[in-house]
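Peer 1: here are the coordinates; sequence isn't available:
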């Protein structure tokens, strides 16, 4: 896949960081404002997809990138499952127990364990969408050879 | 508000019909976009910004992928004449539509008026969620606390989808 013109490349270089930051904002404020792990994860994946589409597929080493994204995806879903089980390890008989202190309503560090779920589900969704996109791009590169 | 939602739903139906009958595949893909972005406006009017954010991002990314696929392959649609099997399936489809519409009408008569009442289960969620989970956003409280199993299932579905896609697409690369 070839890259696009200099104008598009420069614009995406300026914008992709902002899109990435916005995704992180949506994930971290998931328990306060609309959004959360799923929405923010897809936005972060969108930042990477923007860069790859504008700069072409030889911009990054895609195979290496794909290996990293699949690894992060599997690690993140493992951590989510571990967080869900962690209530059982503490002696309670509830799956998905919210055992951390709740804090004050409306502060950034509050709601116990929910922000952690949001962060790891966000990583998992971002890595999944990016893996699917990279698999399609790499498949096309290998077919055209 | 109901009038606005009716107009947007009508536009979405028109877009879907055009997407089926368009001769140029690129314009069919753009017409699919009408359906997705119309759904975004419907979610915003129904006061569901969480869903609207997810829908607008997913719609954009899937539209980009579909446009890339159409530009890379042929833009013309290949038409084929309907044969006997085609007529049989068309008749079956119309019969199914009639049956489904009948039962849908029966079930919709027993429902409450649109947007006026909450379900019996949802009342407990709305009353107790903020105090019990400590989350200011009610949706996150329900998704990750009361309905934790559902969310774990959704995340697992995504992982399984990626595993399937990698298994199908990377046969040549792993050789």
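Peer 2: It's in. Remember, predicted model here, so these are calculated numbers, not experimental data. Numbers count the residues shown, from 1 in each chain, chains lettered A, B, ... in the order given.

Peer 1: switch to C-alpha atoms for all contacts and neighbour counts from now on
Peer 2: Fine.

Peer 1: and residue B:166, how many neighbours?
Peer 2: If you count neighbours by other CA atoms under 10 Å in any protein chain shown, residue B:166 ends up with 18.

Peer 1: residue B:71: neighbour count?
Peer 2: Neighbour count for residue B:71, taken as other CA under 10 Å: 11.

Peer 1: how about it, what does it touch?
Peer 2: Taking CA atoms under 8 Å, 6 or more residues apart in numbering or on different chains, we find residue B:71 in contact with residue B:26.

Peer 1: show me what contacts residue B:30?
Peer 2: With CA under 8 Å, 6+ apart, residue B:30 has these contacts: residue B:63.

Peer 1: give the buried residues for the host helix or strand of it.
Peer 2: Taking DSSP states H and E as the definition, one finds residue B:30 inside helix B:25-45. If you call a residue buried by 16 or more other CA atoms under 10 Å in any protein chain shown, then helix B:25-45 has these buried ones: B:25-26, B:28-43.

Peer 1: what's the answer for stretch A:85-103, then?
Peer 2: Here stretch A:85-103 shows A:85-87, A:95-98, A:102 as buried, counting by 16+ other CA under 10 Å.

Peer 1: neighbours around residue B:161, how many?
Peer 2: 15.

Peer 1: I should have written residue A:122 there, sorry.
Peer 2: Neighbour count of residue A:122, defined by other CA under 10 Å: 30.

Peer 1: isn't it up against residue A:27?
Peer 2: Yes - between residue A:122 and residue A:27 there is a contact at 6.5 Å, judged by CA atoms under 8 Å.

Peer 1: overlap of the contact sets of the two?
Peer 2: Common neighbours of residue A:122 and residue A:27 (CA under 8 Å, 6+ apart) are A:36-37, A:39-41.

Peer 1: most neighbours among these, which one?
Peer 2: Going by other CA under 10 Å, residue A:40 tops the shared contacts of residue A:122 and residue A:27 with 33 neighbours.

Peer 1: against which helices or strands is the helix or strand bottoming out on mean pLDDT in chain A packed?
Peer 2: Ranked by mean pLDDT, DSSP states H and E, the weakest helix or strand in chain A is helix A:62-89, scoring a mean of 84. Secondary-structure packing of helix A:62-89 (3 or more CA pairs under 8 Å, 6 or more residues apart in numbering or on different chains; DSSP states H and E): helix A:114-144, helix B:148-169.

Peer 1: could you rerun that using 6 Å?
Peer 2: Other elements packing on helix A:62-89 under the criterion 3 or more CA pairs under 6 Å, 6 or more residues apart in numbering or on different chains; DSSP states H and E are helix A:114-144.

Peer 1: now the angle from the helix it packs on to helix A:62-89?
Peer 2: Angle of helix A:114-144 versus helix A:62-89, following axes from the mean of the first three to the mean of the last three CA atoms, to 10 degrees, is 150 degrees.

Peer 1: name the residues of stretch B:88-98 that are buried.
Peer 2: So for stretch B:88-98, nothing qualifies as buried (16+ other CA under 10 Å).

Peer 1: please apply the same query to stretch B:134-147.
Peer 2: B:134-146.

Peer 1: again, but for stretch B:153-163
Peer 2: Residues of stretch B:153-163 classed as buried: B:155-156, B:158-159, B:162 (neighbour count, 16+ other CA under 10 Å).
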